[in-house]
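Asker: Okay, structure incoming, though there's no sequence with it:
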């Protein structure tokens, strides 16, 4: 059991973790911290945090575990602020979508604390404390990315924390994580933003395609309603991988365009079928594993 | 009330229309036709059709209204087959996703029947009679695309049919329909196929990104589980528009790539924000209108 957990950034991610741990009795006291007082008051009223403060130093000084759940662009400033206030043996962890960047930034932390990079693969396009719910992580993966310098006891604390929240914890190198997630999460987000922009920019007084958008468009573009600032930070933190990923998608779109231009029925069928088969196989496996 | 409705292709689209009209008492007899006997038997057992036949000629010879609900690649063959069997004053209509192509192919029909091109904006990625349900069209748009040669009585019959099925009928030129739907429906489908292929082609023994795909990927790629043959036909029937649409999406992806390569925070935020704002505005309007 974690005696005192400080959560910097009490939104969907941090708030849902707190709710899950509280339900399970896996945490003593939860202290919320951030800049938005209204959100912190809301988090207290929703039973997400036991107390809150806008002082990051006050929030972390007695904490056994500190969860950084702010946009990645704010990591450096947050970590530098809390570094002098952390107690001996404190475990600092995060829930961000890229891990090499998090580990690099966390090198500013003092020797007497441990940093454990983690990424729960769950979320919605919503944000803020009122978006939090205790089952967000149930049966979802949480990836930890330790290396040979990682403190094993601190790693065990963080792994146990996510298991208590309902997640299945898996471990892999940070570079592998960033490549995998670049393909399967970051690229779809960039593509969704690009698709909405592509449709929206065509709007004129006489031509309003989005007025005719239906269910397919709704689902396809759900992730385009995600936080622009959060995704800007993720994109920049995983820049090299994402440049490659965009190029791969550009190639695949070109493949369809070339087949279309040539009225090449066989190639179009093959391109669409390979996508359908891959997606159907993935969904069948996912449904079977109940994730 | 339509006395006798023949549905060529009793799948999600045709089957759902039959169920909706039957619930409303807006149709007398529904005759199902197609090539797949098992599907037709299933449609009968589900109460979608009153009788069925694999002979298109038998299906249409007494029909007042004939709905063509087959993949667009099969239109020409179906229309040429039924043309000599249609009775005087019969109304032939379709539910396909591109309208200029439908109208062009339907010129093979005899003078004594009317063709009304229509497109209900509803559907799921599923197909077959067992995917049909009576509320599929409820509060969805159905676009009809008459021109100066269109028979007004036949148009009224088809408009009434879709209204009885719960749809809101709007009218526009076929060319406008094809451009609008190219942007807001066909392009997202092509992009979803391309995205799944882009992720799937990266799979190796050591690297399996789809194993780490979560909810965002699931929603984003739902439409990639659509019928490859149907989307091949749609893509080819709307080829010129879709080449332009792919180019617009390629441009938007390049915009993101350029901003990323330059680590241009402001441009990335602006690109992602414009997409989020457009999508959120659309969703708010759509929710308000309950469609």
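Answerer: Happy to help now that I have it. Every value quoted in this text rests on a predicted model; they were computed, and no experiment measured them.
Asker: Residue A:90: how many residues sit nearby?
Answerer: 24 (other C-beta atoms under 10 Å in any protein chain shown). No exception for glycine: its C-beta is placed from N, CA and C like everyone else's.
Asker: One more: residue A:111?
Answerer: With other C-beta under 10 Å as criterion, residue A:111 counts 5.
Asker: In a strand, it, correct?
Answerer: No - using DSSP: H, G, I helix; E, B strand; the rest coil, the assignment for residue A:111 is coil, not a strand.
Asker: From residue A:92, how far out is it?
Answerer: 13 Å (C-beta to C-beta, to the nearest Å).
Asker: so what's the residue nearest the centre of chain A up against?
Answerer: In chain A, the residue lying closest to the centroid (C-alpha atoms, centre = their mean) is residue A:97, at 4.3 Å. Residues in contact with residue A:97 (C-beta atoms under 8 Å, 6 or more residues apart in numbering or on different chains) are A:72, A:119, A:181, A:185, A:186, A:234, A:237, A:238.
Asker: what about the last one, neighbour count?
Answerer: In this case it means residue A:238. Quick note: residue A:238 (other C-beta under 10 Å) scores 26 neighbours.
Asker: Let's verify the closest residue to it other than its chain neighbours: helix, strand, or coil?
Answerer: The shortest distance from residue A:238 to any non-neighbouring residue, by C-beta to C-beta, 6 or more residues apart in numbering or on different chains, is to residue A:98 (4.5 Å). The local conformation at residue A:98, judged by three-state DSSP, is coil.
Asker: same check, this time on residue A:30
Answerer: When the rule is three-state DSSP, residue A:30 gets the label strand.
Asker: Residue A:130 too?
Answerer: Put simply, residue A:130 is helix when judged by three-state DSSP.
Asker: Wait, it touches residue A:41, no?
Answerer: No - contact criterion C-beta atoms under 8 Å: residue A:130 and residue A:41 do not qualify, at 11.4 Å.
Asker: what's next to whichever strand or helix holds residue A:286, contact-wise?
Answerer: Element membership of residue A:286, judged by DSSP states H and E, is helix A:265-288. Contact partners of helix A:265-288, identified using C-beta under 8 Å, 6+ apart, comprise A:252, A:255-256, A:258-260, B:192-197, B:199-200, B:210, B:213, B:218, B:221, B:224-229, B:231-232, B:235-236.
Asker: Derive a PyMOL selection command for the buried subset of these.
Answerer: In PyMOL syntax, the buried subset of the contacts of helix A:265-288 is picked out as below (16 or more other C-beta atoms under 10 Å in any protein chain shown):
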select buried, (chain A and resi 252+255+256+259+260) or (chain B and resi 192+193+194+195+196+197+199+200+210+213+218+221+224+225+226+227+228+229+231+232+235+236)
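Asker: what packs against the lowest-mean-pLDDT helix or strand in chain A?
Answerer: Across the helices and strands of chain A, mean pLDDT, DSSP states H and E gives its lowest value to helix A:215-220, namely a mean of 84. Applying 3 or more C-beta pairs under 8 Å, 6 or more residues apart in numbering or on different chains; DSSP states H and E, we find helix A:215-220 packed against helix A:187-200, helix B:187-200, helix B:215-220.
Asker: Now do that helix: distance to the chain's middle.
Answerer: Centre-to-centre, helix A:215-220 and its host chain are 22 Å apart (C-alpha atoms, centre = their mean, to the nearest Å).
Asker: Okay, angle between the following helix or strand past that helix and helix B:265-288 too, please.
Answerer: Per DSSP H and E, the first helix or strand lying C-terminal to helix A:215-220 is helix A:228-237. Orientation of helix A:228-237 against helix B:265-288 (axes from the mean of the first three to the mean of the last three C-alpha atoms, to 10 degrees) gives an angle of 140 degrees.
Asker: Can you give me the buried ones in whichever strand or helix holds residue A:163?
Answerer: Residue A:163 is part of helix A:152-164 when elements are defined by DSSP H and E. For helix A:152-164, a neighbour-count test (16+ other C-beta under 10 Å) marks A:154, A:155, A:157, A:158, A:159, A:161, A:162, A:164 as buried.
Asker: I'd like the distance between the second one and chain B.
Answerer: I take that to be residue A:155. 20 Å (C-beta to the nearest C-beta, to the nearest Å).
Asker: what's the answer for the last one, then?
Answerer: The span separating residue A:164 from chain B equals 20 Å under the rule C-beta to the nearest C-beta.
Asker: which residues does that residue contact?
Answerer: Residues in contact with residue A:164 (C-beta under 8 Å, 6+ apart) are A:20, A:21, A:24, A:26.
Asker: The same query, at a cut-off of 10 Å, please.
Answerer: Counting by C-beta atoms under 10 Å, 6 or more residues apart in numbering or on different chains, residue A:164 makes contact with A:1, A:2, A:17, A:20, A:21, A:23, A:24, A:25, A:26, A:27, A:137.
Asker: What sits closest to it if chain neighbours are left out?
Answerer: residue A:26 (3.8 Å).
Asker: Run through the residues that contact that neighbour.
Answerer: By C-beta under 10 Å, 6+ apart, the residues touching residue A:26 are A:1, A:2, A:5, A:20, A:160, A:161, A:163, A:164, A:165.
Asker: at 7 Å instead, please
Answerer: A:1, A:2, A:164 (C-beta atoms under 7 Å, 6 or more residues apart in numbering or on different chains).
Asker: Could you provide the residues you listed in TSV, with additional columns for pLDDT?
Answerer: Below are the contacts of residue A:26 laid out as TSV (pLDDT from 0 to 100):
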residue	pLDDT
A:1	91
A:2	97
A:164	98
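Asker: Hmm, residue B:263 and residue A:236 touching each other?
Answerer: Yes - using C-beta atoms under 7 Å, residue A:236 is in contact with residue B:263, at 6.0 Å.
Asker: so how far is chain B from residue A:146?
Answerer: Taken as C-beta to the nearest C-beta, the span from residue A:146 to chain B is 17 Å.
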